[in-house]
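Undergrad: Predicted structure and sequence below. I'll ask about it afterward.
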Amino acid sequence: YQVMNNVMRSDAQSQDHNQRLKDIQRATIMMDNDFRQIVARKSRLDGDAPSNKLLQASEYLLDSSSEGIMFIRSGWQNPQAMFPRGDITRVGYRIEDDKLERVWFRYPDTVVGEKPLVRVLLTGVTELKFEFYYDKKWHEKWNKENTLPEGIKVIMTLKDL
């Protein structure tokens with residue numbers, strides 16, 4: 001009986017671990033899809049004048065409990081213009097209550113009071129950080145205007161791994 005119980009417990013733990021790895025993989029694939037589609041487009045936030053910052057990243061951005069990031073991406077499917085929107089959108093990532101959230105707006109230029117749509121991608125994420133590759137090295141901050149970094153590194157701290 002004890003051997004069978006141990007085998008069953010081990011199997012359950014393996015299934016939980018495999019599911020967690022699938023969840024992590026799904027989240028990173030979605031992030032990868034967004035980051036690969038970044039476009040150099042100025043945008044308006046809350047009806048203000050267009051910003052020269054094509055990519056915003058800082059601590060507490062989007063009310064994140066860690067770092068947050070926000071940018072414009074293309075490649076948003078709108079087959080036969082079925083939906084009342086274009087093929088670009090504003091996307092961001094943040095941590096809220098130990099959850100990695102994808103935050104997005106239907107339109108790249110937002111008006112005052114427009115609330116984003118939020119999707120939880122992964123639970124158990126305690127920290128989110130970004131590094132930016134430019135001038136042939138990695139930097140922890142991004143403050144440049146009218147340009148995008150050559151690369152973006154995403155660093156997540158997970159409770160269980």
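TA: Looks like it came in fine.
Undergrad: Would you mind naming the helix or strand containing Arg20?
TA: helix 2-36 (DSSP states H and E).
Undergrad: Mind checking what helix or strand follows that helix in sequence?
TA: Counting by DSSP H and E, the next helix or strand C-terminal to helix 2-36 is strand 55-59.
Undergrad: which other helices and strands contact that following strand?
TA: Applying 3 or more Cβ pairs under 8 Å, 6 or more residues apart in numbering; DSSP states H and E, we find strand 55-59 packed against strand 67-73. Where you see a C-beta, it was placed from the backbone N, CA and C, and this is true even at glycine.
Undergrad: and with 10 Å instead?
TA: strand 67-73, strand 89-96, strand 125-134 (3 or more Cβ pairs under 10 Å, 6 or more residues apart in numbering; DSSP states H and E).
Undergrad: elements contacting the helix or strand following the last one?
TA: Next helix or strand after strand 125-134 toward the C-terminus (DSSP H and E): strand 137-139. Contacts of strand 137-139 with other secondary structure elements, assessed using 3+ Cβ pairs under 10 Å, 6+ apart, are made with strand 125-134, strand 151-158.
Undergrad: For strand 137-139, which strands pair with it and how are they oriented?
TA: The strands beside strand 137-139 in its sheet (DSSP bridges) come out as strand 125-134 (antiparallel).
Undergrad: Run the angle between the partner strand and strand 89-96 for me.
TA: In terms of direction (axes from the mean of the first three to the mean of the last three Cα atoms, to 10 degrees), strand 125-134 departs from strand 89-96 by 130 degrees.
Undergrad: average pLDDT across strand 125-134?
TA: Throughout strand 125-134, pLDDT has a mean value of 98.
Undergrad: May I see the buried residues of it?
TA: By neighbour count on 16 or more other Cβ atoms under 10 Å, the buried set for strand 125-134 is 125, 128, 130-132.
Undergrad: now do stretch 136-146
TA: In stretch 136-146, residues buried by neighbour count (16+ other Cβ under 10 Å) are Trp142.
Undergrad: any idea how far that stretch is from the chain center?
TA: 18 Å (Cα atoms, centre = their mean, to the nearest Å).
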